[in-house]
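**Student:** below are the sequence and a predicted model for it; my questions follow.
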Amino acid sequence: MADSAQAQKLVYLVTGGCGFLGEHVVRMLLQREPRLHEIRVFDLHLGPWLEDLKTGPVQVTAIQGDVTQAQEVTAAVAGAHVVIHTAGLVDVFGRASPKTIHEVNVQGTQNVIEACVQTGTQFLVYTSSMEVVGPNTKGHPFYRGNEDTPYEAIHKHPYPRSKALAERLVLEANGRKVRGGLPLVTCALRPTGIYGEGHQIMRDFYRQGLRLGGRLFRAVPASVEHGRVYVGNVAWMHVLVAREMKQRAALMGGQVYFCYDASPYKSYEDFNMEFLGPCGLRLVGTRPLLPYWLLVLLAALNALLQWLLRPLLLYAPLLNPYTLAVANTTFTVSTNKAQRHFGYEPLFSWEDSRTRTILWVKATEGSAQ
Ligand SMILES: NC(=O)C1=CN([C@@H]2O[C@H](COP(=O)(O)OP(=O)(O)OC[C@H]3O[C@@H](n4cnc5c(N)ncnc54)[C@H](O)[C@@H]3O)[C@@H](O)[C@H]2O)C=CC1
Ligand SMILES: CC(C)CCC[C@@H](C)[C@H]1CC[C@H]2[C@@H]3[C@H](O)CC4=CC(=O)CC[C@]4(C)[C@H]3CC[C@]12C
């Protein structure tokens with residue numbers, strides 16, 4: 001859709017642009033994409049912070065909309081050069097029904113693809129997830145794997161299943177002719193567990209630690225490594241892919257890339273302590289305080305309670321059989337595919353990522369010190 005005269009004045013659409021990752025993508029585009037003319041921020045719930053962005057040189061268009069509504073998506077996509085599709089229902093706790101997760105994550109993605117085809121938008125970047133690969137519920141470790149590492153992916157849970165289906169739709173759409181006859185170019189980015197400013201689960205752990213008198217109790221063995229990546233670097237990868245995929249369509253089209261940076265390999269809890277420790281919390285125990293069989297039992301009990309209470313109230317604790325399995329299975333990536341294909345280098349060092357996250361945690365509400 002963009003001819004060479006227009007190429008210097010780009011219109012981007014970010015779906016889910018008011019979410020944790022989406023907000024970082026929007027801000028990163030404004031800082032690091034000099035050819036940006038307009039950025040459309042499409043979300044079910046618009047954030048008030050968007051107003052502050054409207055005073056700058058780039059036109060910021062806020063669109064309150066729902067990806068499950070095809071007409072709303074098509075109207076938002078029309079005239080955009082690039083779509084960065086981060087919108088999704090991130091739920092591994094049973095808050096939403098499997099049907100709703102499917103509608104938002106799979107049908108919503110199909111709507112985005114069809115909108116690109118109908119309106120002539122040629123470039124689509126999809127935020128997938130490491131969960132498309134694993135960890136699987138059999139507990140098989142994925143140790144420093146890359147995009148080509150064989151692994152038995154099992155998608156029984158609605159969230160990873162929906163992400164896997166959506167990713168497949170995006171990759172299969174690569175090469176489809178969009179309005180005007182040009183081929184659609186698609187890529188999928190697979191972040192591991194994202195952390196950084198705005199990370200709701202980190203905030204929840206912090207608050208829980210404060211309630212427990214500045215302590216958290218170890219539940220996962222320190223030897224289980226869990227892949228994590230800083231939100232600023234994930235956002236930067238999205239911006240770079242979107243920028244480079246036009247020049248390198250033959251190489252990048254239809255490809256998947258894990259999101260990675262220099263964040264250390266640690267267990268989920270030990271990694272969180274990199275931020276929560278300096279905010280005054282302490283992780284009690286060098287080994288899990290409760291035996292694994294008891295955690296399995298508690299997780300199953302939580303699942304049963306969720307099912308029994310569903311007609312009355314929503315009971316959705318962090319611990320359930322799925323989250324226990326994910327947290328207890330090593331899943332780490334080690335790859336340089338993004339560097340080889342489009343020159344990605346993390347924008348934020350581990351020290352920067354850590355400092356920024358600590359400052360954010362401290363600012364969320366007074367530190368425990
Ligand atoms: N948080 C994480 O650790 C990881 C997240 N991801 C993926 O990254 C993407 C963003 O995730 P987060 O920022 O963490 O989640 P988030 O929940 O903070 O952001 C998702 C955004 O999508 C919007 N949204 C949800 N349903 C919508 C609908 N029907 N129509 C329009 N907008 C809708 C929400 O309002 C929200 O602003 C998701 O696709 C998720 O699957 C992938 C790997 C790890
Ligand atoms: C008390 C329990 C034993 C520990 C609970 C921790 C869990 C809540 C989290 C452990 C691993 C997280 C997931 C992982 O980082 C991969 C993810 C990728 C996504 O695409 C979405 C989020 C998540 C599923 C993430 C969710 C929280 C954990 C299960």
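**Tutor:** Arrived safely. Ligands and ions are numbered 1, 2, ... in the order given.
**Student:** check the offset of stretch 267-280 from the chain's centre.
**Tutor:** 20 Å (CA atoms, centre = their mean, to the nearest Å).
**Student:** just the CA atoms of that stretch, as CSV, please.
**Tutor:** Provided in CSV are the C-alpha atoms of stretch 267-280 (Å, rounded to 0.1, in the frame of the first residue of the first chain):
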residue,chain,number,x,y,z
SER,A,267,14.2,-19.8,38.7
TYR,A,268,11.0,-17.7,38.5
GLU,A,269,11.2,-16.7,42.1
ASP,A,270,14.9,-16.1,42.3
PHE,A,271,14.6,-13.9,39.2
ASN,A,272,11.8,-11.9,40.9
MET,A,273,14.0,-11.4,43.9
GLU,A,274,16.5,-9.5,41.7
PHE,A,275,13.9,-6.7,42.0
LEU,A,276,11.9,-7.5,45.1
GLY,A,277,15.1,-8.0,47.2
PRO,A,278,16.2,-4.4,46.7
CYS,A,279,12.7,-3.3,47.6
GLY,A,280,13.0,-5.0,51.0
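**Student:** buried set for it?
**Tutor:** Neighbour-count burial for stretch 267-280 flags 267-276, 278-280 (criterion: 16 or more other CB atoms under 10 Å). Every residue, glycine included, has its C-beta placed from N, CA and C.
**Student:** in helices only, show me those.
**Tutor:** 268-276 (DSSP state H).
**Student:** ok, which of the residues you listed also contact ligand 2?
**Tutor:** Y268 (CB under 6 Å from any ligand atom).
**Student:** K99 and ligand 1: what is the separation?
**Tutor:** To ligand 1, K99 is 13 Å away according to CB to the nearest ligand atom, to the nearest Å.
**Student:** swap in E244?
**Tutor:** Counting by CB to the nearest ligand atom - E244 and ligand 1 are separated by 20 Å.
**Student:** do T127 as well
**Tutor:** 4 Å.
**Student:** the closest residue to that residue other than its chain neighbours - how many residues pack around it?
**Tutor:** Nearest residue to T127 in three dimensions, chain neighbours excluded: T86, at 4.3 Å (CB to CB, 6 or more residues apart in numbering). Other residues near T86 number 26, with proximity taken as other CB atoms under 10 Å.
**Student:** A115 too?
**Tutor:** 25.
**Student:** thought it was touching Q71?
**Tutor:** No: applying CB atoms under 8 Å, one finds A115 not in contact with Q71, separated by 9.3 Å.
**Student:** if you count neighbours, what's buried in stretch 20-33?
**Tutor:** For stretch 20-33, using 16+ other CB under 10 Å, the buried residues are 20-30, 33.
**Student:** mean confidence score for it?
**Tutor:** Over the span of stretch 20-33, the pLDDT mean works out to 97.
**Student:** let's have the ones in helices among the buried residues of stretch 267-280 in TSV, adding pLDDT and distance to P98.
**Tutor:** Conversion of these to TSV gives the following (pLDDT from 0 to 100; distance: CB to CB, whole Å):
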residue	pLDDT	distance to P98
Y268	96	25
E269	96	28
D270	97	32
F271	98	29
N272	98	28
M273	98	33
E274	98	34
F275	97	32
L276	97	32
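**Student:** cheers, nothing more for now.
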